[in-house]
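Enquirer: Mind folding the following:
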Amino acid sequence: MGQKLKITGWVAAGAVAGVLTTVSLQTVARGSLAPLPLEELQQLAAVFGMVKSDYVEPVDEKKLISDAISGMVAGLDPHSQYFDKKSFKEFREGTTGRFVGVGIEISQEDGLIKVVSPIEGSPAFRAGLKPNDLITKIDDTAVRGLSLNEAVKRMRGEANTKVLLTIFRKDESRTFPVTITREEIRTQSVRGKVMEPGYGWIRLSQFQERTVDDFVKKVEEIYKTEPNLKGLVLDLRNDPGGLLDAAVAISAAFLPENVTVVSTDGQLAESKSVYKAAPEFYQRRSGSDPLRNLPAALKNVPLVVLVNEGSASASEIVAGALQDHKRATVMGSQTFGKGSVQTVRPLGPDTGLKITTARYYTPSGTSIQAKGIVPNVLIDESAEGSPFAALRMREADLEKHLASGQGPETKDPEREKARDEARKRLEEEAKKPPQDRKVPEFGTDKDFPLMQALNRLKGQPVLVSKTQVIVENKDEKKEN
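Expert: Numbers count the residues shown, from 1 in each chain. Below is the predicted model:
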């Protein structure tokens, strides 16, 4: 059987080091396999037997096998992963933008969980939770000391079950309990508004199943408010990636029909693909062209794309396509550099394997793996610079990262020095009162990069970075 059995046509994202990787969900039935290394397999069986019989206490056989698979895959690169039942469920939730919970965006503050924003229409929204509320207890568990992930897991659960949150509202100086019934939540990955007459801003926080539809609605809202749009900022900062078809669709919204958006190349025949700005490359099987209702003016409106070190994978596909076709000016900081494709193959009803199968290339044929998209205009995070940017992890910092395949990697001798300086600045910043160290929210008039992007669109002076340098790859590796 050499026939490929496609389960779906979408490409999804998995979280590794704060970055969601671009993947495709499919399975392949093959009729021929390379000869198995029998001696090594015998050793594996021998070790399994010794651990089973000799270890100090009984061990679970299924866990031993699961751990062996996990170790084998983890040794490949940072983005290949074995999914057990629990992690496969979490992975699917991440790509659909749906989960069962209370419906709040959260962060940490002084060891407690801070409500950044309740999701509109969610149980938390209806229960009256407000931005800046602090969660001190989840059921009977004190929040102080819990990681953000641990707090999220405790607030999520089965639909129609209840969770008791103890809330401290600072501006009212009171603590009170709120019982919330969990529901399926749909996260919003698209925000946007008219910043000032003639100029709009659209932010994508992730490429999910609903992103394209929500993007179209937001564009329609902006044009309804401002029919004579003179310029638009597409904000991809801290967007870790997601579904490839969504990235192709967002690119196609701005590009001429049928131009290349991205290409992929790997060992398998199905890994050698070219994706173009046409409906057949992003349209889901059951639906029509999701871009059909976009205003025609969007194809020509002056465009700036904002990126930073947190822009990865699918967001790099969009930035690279719009930059290569000279459709947009890319501004900000050099992106993460996640230029590899992962394929997810189900191993059973609730387990799977995510494995790197290809690199992807911008329309000009450039691999951004372990390098990233270099903006046309380098912009700092603030008027004072980007003091903590050096501390952010990039693809080239990840152990066992895949090389670009387009020449050797070089080490930047200044990078560790910059990191040491950034760590010292961060320590000083942490000593300040919380109100003095808040980062301005994206999409406000205090959002420095956004203000520079608007200046660019209006033909006004832009405060370009005086300190940023292009980061090359971390160390030399053999091409593969």
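
Enquirer: wait, isn't Arg210 in contact with Ser189?
Expert: Yes. Here Arg210 reaches Ser189: they are 6.9 Å apart, a contact under Cβ atoms under 8 Å. In this view, the C-beta of every residue, glycine as well, is placed from N, C-alpha and C.

Enquirer: These two - which one has more neighbours?
Expert: When neighbours are counted by other Cβ atoms under 10 Å, Arg210 and Ser189 differ, and Ser189 comes out ahead with 21 against 18.

Enquirer: pLDDT wise, what is the more buried one at?
Expert: Ser189 is assigned a predicted lDDT (pLDDT) of 88.

Enquirer: can you check Thr225 too?
Expert: Note for Thr225: predicted pLDDT of 97.

Enquirer: Please tell me I have it right and it contacts Met195.
Expert: No. Thr225 is beyond contact range of Met195, at 11.0 Å (criterion: Cβ under 8 Å).

Enquirer: Can you work out which residues contact both of the two?
Expert: Overlap between the neighbourhoods of Thr225 and Met195 is empty, taking contacts as Cβ atoms under 8 Å, 6 or more residues apart in numbering.

Enquirer: Neighbour count: those two, which is higher?
Expert: Neighbours of Thr225 and Met195, each counted by other Cβ under 10 Å, are more numerous for Met195; the result is 23 against 12.

Enquirer: Can you pull the domain assignment for the protein?
Expert: Taking automatic domain parsing as the domain assignment, the record places the domains of the chain at 4-30+42-96, 98-186, 190-340+359-457.

Enquirer: quick check: mean pLDDT across the second one?
Expert: What it means is domain 98-186. For domain 98-186, the per-residue pLDDT averages 87.

Enquirer: and it, how far out from the chain's middle?
Expert: Between the centre of domain 98-186 and the centre of its host chain there is 23 Å, according to Cα atoms, centre = their mean, to the nearest Å.

Enquirer: Can you tell me the closest non-neighbouring residue to Gln323?
Expert: Ranked by Cβ to Cβ, 6 or more residues apart in numbering and with sequence neighbours excluded, the top spatial neighbour of Gln323 is Val330, at 4.8 Å.

Enquirer: sec struct for that neighbour, please.
Expert: strand (DSSP: H, G, I helix; E, B strand; the rest coil).

Enquirer: Please tell me how far it sits from Asp324.
Expert: The gap separating Val330 from Asp324 is 10 Å, by Cβ to Cβ, to the nearest Å.

Enquirer: Compare the two and say which is more crowded by neighbours.
Expert: Val330 (24 against 20).

Enquirer: Quick check: the more buried one touching Val318?
Expert: No. Val330 is beyond contact range of Val318, at 9.9 Å (criterion: Cβ under 8 Å).

Enquirer: Pull up the overlap in contacts between those two.
Expert: Listed as contacting both Val330 and Val318 by Cβ under 8 Å, 6+ apart are Val305.

Enquirer: now the domains of the chain as CSV including distance to Leu463?
Expert: Formatted as CSV, the entries for these read as follows, by distance: least, Cβ to Cβ, whole Å:
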stretch, distance to Leu463
domain 4-30+42-96, 28
domain 98-186, 28
domain 190-340+359-457, 6
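
Enquirer: tell me the most buried of those?
Expert: Per residue and on average, the most neighbours among the domains of the chain fall to domain 190-340+359-457, with a mean of 19 (mean count of other Cβ atoms under 10 Å).

Enquirer: Next, Leu44: secondary structure please.
Expert: Leu44 falls in the helix class when you classify it by three-state DSSP.

Enquirer: thought it was touching Ile65?
Expert: No. If you go by Cβ under 8 Å, Leu44 and Ile65 don't touch, sitting 10.0 Å apart.

Enquirer: in the sheet, who's paired with the nearest residue to Pro123 once chain neighbours are set aside?
Expert: Leaving out its chain neighbours, the residue that sits closest to Pro123 by Cβ to Cβ, 6+ apart is Ile180, at 4.8 Å. Beta-bridge partners of Ile180, counted by DSSP bridges, are Val163.

Enquirer: Against Lys89, how distant is Ile180?
Expert: For Ile180, the distance to Lys89 under the criterion Cβ to Cβ works out to 22 Å.

Enquirer: Contacts only, for the residue nearest to Arg186 when sequence neighbours are not counted.
Expert: Once its chain neighbours are removed from consideration, Arg186 has its nearest residue in Arg98; the separation is 5.5 Å (Cβ to Cβ, 6+ apart). Contacts for Arg98 (Cβ under 8 Å, 6+ apart) come out as 184-187.

Enquirer: between these, which is closest to Pro290?
Expert: Lowest distance from Pro290 to the contacts of Arg98 (Cβ to Cβ) belongs to Arg186, with 16.6 Å.

Enquirer: Ser382 is in contact with Lys446, isn't it?
Expert: No. At 9.2 Å, Ser382 and Lys446 do not qualify as touching, with contact defined as Cβ under 8 Å.

Enquirer: ok, which stretches of the chain are helices?
Expert: According to DSSP state H, the chain carries its helices in the segments 38-54, 61-74, 85-96, 123-126, 148-155, 211-225, 244-254, 314-324, 415-430, 448-457.

Enquirer: got the angle between the first one and helix 61-74?
Expert: Right, helix 38-54. Here helix 38-54 runs at 140 degrees with respect to helix 61-74, directions being taken by axes from the mean of the first three to the mean of the last three Cα atoms, to 10 degrees.

Enquirer: Distance from helix 38-54 to the middle of the chain?
Expert: Relative to the mean C-alpha coordinate of its chain, helix 38-54 is positioned 39 Å out (Cα atoms, centre = their mean).

Enquirer: Kindly provide the whole-number mean pLDDT of it.
Expert: When the per-residue pLDDT values of helix 38-54 are averaged, the result is 94.

Enquirer: Touching it from outside, list them.
Expert: Contact with helix 38-54 is made by 59, 61, 64-65, 68, as judged by Cβ under 8 Å, 6+ apart.

Enquirer: What of the shortest one?
Expert: Where contact means Cβ under 8 Å, 6+ apart, the residues beyond helix 123-126 that reach it are 102-104, 115, 118-119, 180-183.

Enquirer: The fifth one now?
Expert: Applying Cβ under 8 Å, 6+ apart, the contact partners of helix 148-155 are 101-102, 104, 106-108, 113, 135, 138-139, 141, 143, 146, 163, 165.

Enquirer: Mind exporting the C-alpha coordinates of it to PDB?
Expert: These are the backbone C-alpha positions of helix 148-155, laid out as PDB (Å, rounded to 0.1, in the frame of the first residue of the first chain):
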ATOM      1  CA  LEU A 148       0.500  29.600  35.200                       C
ATOM      2  CA  ASN A 149       0.000  26.200  33.500                       C
ATOM      3  CA  GLU A 150      -0.900  24.500  36.800                       C
ATOM      4  CA  ALA A 151      -3.600  27.200  37.400                       C
ATOM      5  CA  VAL A 152      -4.900  26.800  33.900                       C
ATOM      6  CA  LYS A 153      -5.300  23.000  34.400                       C
ATOM      7  CA  ARG A 154      -7.200  23.500  37.600                       C
ATOM      8  CA  MET A 155      -9.600  25.900  36.000                       C
END
